[in-house]
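> Sharing a model that was predicted from the sequence below.
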Amino acid sequence: MDAPTSTDLERAFFSLPDHERERIIRHGVALRAADLQKRLFLANSKVRAFAEHYRTTLEQLEKAGLPDNASLEMHEDYIQWRHWAGVVHQVTQTIAALQHLAHQGIPGEAFLDAGD
């Protein structure tokens with residue numbers, strides 16, 4: 001059996017009553033936001049750990065550049081540090097977009113109440 005296309009999914013979704021579509025969106029936004037909050041916590045923890053280890057911020061390190069005598073470990077840490085900083089940025093933007101979506105026609109308290 002073929003997987004449903006987005007058009008099939010959209011058609012099925014829009015065939016539901018308005019209140020059911022809103023409930024699905026509300027639950028989906030709340031669940032996704034909770035997952036993203038966990039990822040943001042992890043990413044911020046990683047960025048903070050690198051900053052503490054190297055006693056600098058990523059921005060300061062990038063401005064000064066890696067030292068000429070930087071170890072292989074520092075190079076590898078820098079790559080991971082950049083990755084986690086990117087995750088912080090992307091996840092923060094996604095959470096903001098979800099919050100915006102949640103406030104488009106959905107009461108603010110509904111965004112926080114996924115147990116309905």
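On my side now, so go ahead.

> how many other residues sit next to Leu72?
As a burial measure, Leu72 scores 7 neighbours (other Cβ atoms under 10 Å). C-betas here are computed from N, CA, C, even on glycine.

> cool, and Arg23?
Look at Arg23: counted by other Cβ under 10 Å, it has 15 neighbours.

> okay, it: pLDDT?
In this model, Arg23 is scored at 90, pLDDT.

> Now do it against Arg55, distance only.
Relative to Arg55, Arg23 is positioned 49 Å away (Cβ to Cβ, to the nearest Å).

> The protein: helices as residue ranges?
Using DSSP state H, the helices of the chain run over residues 6-14, 18-54, 58-64, 72-102, 108-112.

> In terms of mean pLDDT, which of the ones you listed ranks lowest?
helix 108-112 (a mean of 45).

> In contact with Ser15, which residues?
Under the criterion of Cβ atoms under 8 Å, 6 or more residues apart in numbering, the contact list for Ser15 is empty.

> Equivalent analysis for Arg21, please.
13-14.

> what about 10 Å?
Taking Cβ atoms under 10 Å, 6 or more residues apart in numbering, we find Arg21 in contact with 13-15.

> Mind checking which residue lies nearest the centre of this protein?
Centroid-nearest residue in the chain, with Cα atoms, centre = their mean: Val91, separated by 2.4 Å.
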